[in-house]
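Asker: What shape does this take:
(chains A and B)
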Amino acid sequence: MLEIQAVRNHTENVIKGLEARHIKDASSQVETLLDLDDQRRKIITNLESNRQEMNQTSRSIGKLIGQGKQEEAEAAKSRTSTLKSDIQEEEQMLKTIEENLFNILVSFPNINHPSVPVGKDEKDNVVAFRNDIEVKFDFEAIPHWELATKHDIISWELGVKLTGAGFPVYIGKGARLQRALIAWFLDRAGEAGYVEIQPPLMVNEDSGFGTGQLPDKEGQMYHITAENFFLIPTAEVPITNLFRDTILNEEELPVKRCGYTPCFRREAGSYGKDVKGLNRLHQFDKVEIVHISHPDKSYEVLEQMCDHVMGLLTELGLPFRKLLLCTGDTGFTSAKTFDMEVYSAAQERWLEVSSISNFETFQTNRLKLRFRDESKKTRLLHSLNGSALALPRILAAILENNQQADGSILVPEVLRPYTGFDKIG
RNA sequence: GGAGAGGUGGCAGAGCGGUCGAAUGCGGUGGUCUUGAAAACCAUUGACCUUUGCGGGUCCGGGGGUUCGAAUCCCUCCCUCUCCGCCA
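Answerer: Residues are numbered from 1 along each chain as shown, chains lettered A, B, ... in the order given. You can find the predicted model right below:
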């Protein structure tokens, strides 16, 4: 959620930012917002002076009665009843105005960083880096869903039997390879200074609001109605919410956390080749890194996080590219996002395996996550997170890119200590 | 699932319907003392909103009510803890 002060102080910027995001009627919406804010502050001023008088008068009544001045006490009482109705009326108005204000404010996406290219959709994203690994086959490469079935390491049918489409069952070496990836990712994150967290996989509404899934985006999450809990769509939600309503000391920064969790997404409306095999699932595994940063350092941190993820991809020997997302493709809560995509030689397409974002104060404003600066003032921190990494597409890429002419699949060197085997098949 | 207890400042823990943003202790910070440290002593120590500033206001789990006035009384919702039952 944008800070109202920021909208007030940098109005032009905000309007431009919203327009770059293709928000309809950005400038008139902002105008409405500022108008409401104005009304709000006027009412507060009035309300507070009435309350002041009310407090003082009420207090004097006690004294007057004590002194036996009944008449004066009665006069004061009648004054308070006038004040009381004024106050109630103003409170009601304030409540309405604040609700309207809040509704507009939560509907606004984050404003992009100036370095983010203006664009409409994924076609306008910019390739920021590409490594020089190339995968070529002198035989007919087959996609991972066929490889998985052939080696009996993933069963789509059994997943359907147990639950439904998008819930695959990993078997034998398939399961082991997943576990190896998770362990390796966590170990590497730990080496990079991220403290490992095992959070709950369900969160309450407050948590959903804190990271920006609620309101409005609840359709993307599985909802446990009996308890009003939500299955987490990413570890970002519980791990970032660890710091909800927190004031950190500057010495405690930066805060670095990581965690492995399954992620649950309804993915309503997805279909076609995008959802084939492991490309899009309702439940998948992911290791997430979360960073709470001093506002002056967050863009430095964003690059560090990207470097960490690129390091993983390099060690896995996968062809990848780093994309800077344009304004139209950046997520609702993010100010700047890099996606990492791995090339799948068998599918002949790029697969998104990581998304690394700086949310600046968009989440921390909702979370009330602040720190005390040198002058002892509280200020909002910046929050960032990134997948390091999401499992299914990495698994898909490994299977496809590492397939051999004899049909077997080589396990990347770095994973072998974790898998205990060198190849599948 | 059954029964009970409770939700107050960073923590612990008082609080008569009015002078309570709230005693006290611990912790934190600054100081005195000390070669230094500890101890002791003194002082200080919440967040938010509004205001250029002075100041003012709000907040004792959330919401509502009674009252001139509510942390204190009433209603309601939420949450936590303890015991019993069931159970990995």
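
Asker: Specify the beta-bridge partners of A:R349.
Answerer: With DSSP bridges applied, A:R349 shows beta-bridge pairing to A:S344.

Asker: In terms of pLDDT, where does it sit?
Answerer: A:R349 is assigned 91 on the pLDDT scale.

Asker: I'd like to know how far it sits from RNA strand B.
Answerer: Per Cβ to the nearest atom of the strand, to the nearest Å, A:R349 is found 42 Å from RNA strand B. In this view, the C-beta of every residue, glycine as well, is placed from N, C-alpha and C.

Asker: That residue: neighbour count?
Answerer: Other residues within reach of A:R349, judged by other Cβ atoms under 10 Å, total 12.

Asker: Then A:L105?
Answerer: Per other Cβ under 10 Å, the neighbour tally for A:L105 reads 17.

Asker: show me the contacts for the nearest residue to it once chain neighbours are set aside.
Answerer: Leaving aside its chain neighbours, A:L105 sits nearest to A:M1 (5.6 Å; criterion: Cβ to Cβ, 6 or more residues apart in numbering). Residues near A:M1 by Cβ atoms under 8 Å, 6 or more residues apart in numbering: A:105-106, A:108, A:212, A:362, A:365-366.

Asker: interface residues of the stretch 151-300 of chain A facing RNA strand B?
Answerer: A:227, A:247 (Cβ under 7 Å from any atom of the strand).

Asker: got the residue ranges for the strands in the stretch 151-300 of chain A?
Answerer: A:154-155, A:169-170, A:195-197, A:202-203, A:223-224, A:229-231, A:246-249, A:255-264, A:283-293 (DSSP state E, counting those that start in this stretch).

Asker: Quick check: which of these is buried the most?
Answerer: Ranked by mean neighbour count under mean count of other Cβ atoms under 10 Å, the strands of the stretch 151-300 of chain A are led by strand A:283-293, which reaches a mean of 25.

Asker: which other helices and strands contact that one?
Answerer: When contacts are defined as 3 or more Cβ pairs under 8 Å, 6 or more residues apart in numbering; DSSP states H and E, strand A:283-293 packs onto helix A:173-191, helix A:236-241, strand A:255-264, helix A:298-316, strand A:382-390, helix A:391-401.

Asker: Paired strands for that strand, with orientation please.
Answerer: Applying DSSP bridges, you get strand A:255-264 (antiparallel), strand A:382-390 (antiparallel) as the partners of strand A:283-293.

Asker: neighbouring contacts of the first one?
Answerer: For strand A:255-264, the external contacting residues (Cβ under 8 Å, 6+ apart) are A:182, A:185-186, A:189-190, A:192-199, A:201, A:221-222, A:231-235, A:238-239, A:242-243, A:248, A:282-292, A:388, A:390.

Asker: What segments of the stretch 51-200 of chain A are helices?
Answerer: A:70-107, A:144-150, A:156-162, A:173-191 (DSSP state H, counting those that start in this stretch).

Asker: Mind putting these into CSV with mean pLDDT?
Answerer: Output for the helices of the stretch 51-200 of chain A, formatted as CSV (pLDDT from 0 to 100):
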stretch, mean pLDDT
helix A:70-107, 85
helix A:144-150, 94
helix A:156-162, 94
helix A:173-191, 97
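
Asker: Tell me the residue of the stretch 101-250 of chain A that sits nearest RNA strand B?
Answerer: A:I247 (6.3 Å; Cβ to the nearest atom of the strand).

Asker: For the closest residue to that residue other than its chain neighbours, give me its contacts.
Answerer: Closest residue in space to A:I247, ignoring its immediate chain neighbours: A:R370 at 5.0 Å, by Cβ to Cβ, 6+ apart. Counting by Cβ under 8 Å, 6+ apart, A:R370 makes contact with A:246-248, A:364, A:378-381.

Asker: A:R370 sits in which helix or strand?
Answerer: Using DSSP states H and E, A:R370 maps to strand A:369-372.

Asker: As JSON lines, the contacts of A:R370 with distance to A:S207 and pLDDT would be great.
Answerer: Listed next are these as JSON lines, based on distance: Cβ to Cβ, whole Å; pLDDT from 0 to 100:
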{"residue": "A:T246", "distance to A:S207": "13", "pLDDT": "89"}
{"residue": "A:I247", "distance to A:S207": "19", "pLDDT": "88"}
{"residue": "A:L248", "distance to A:S207": "19", "pLDDT": "88"}
{"residue": "A:T364", "distance to A:S207": "14", "pLDDT": "93"}
{"residue": "A:T378", "distance to A:S207": "22", "pLDDT": "87"}
{"residue": "A:R379", "distance to A:S207": "23", "pLDDT": "89"}
{"residue": "A:L380", "distance to A:S207": "18", "pLDDT": "92"}
{"residue": "A:L381", "distance to A:S207": "17", "pLDDT": "93"}
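
Asker: Sweet, I'm off.
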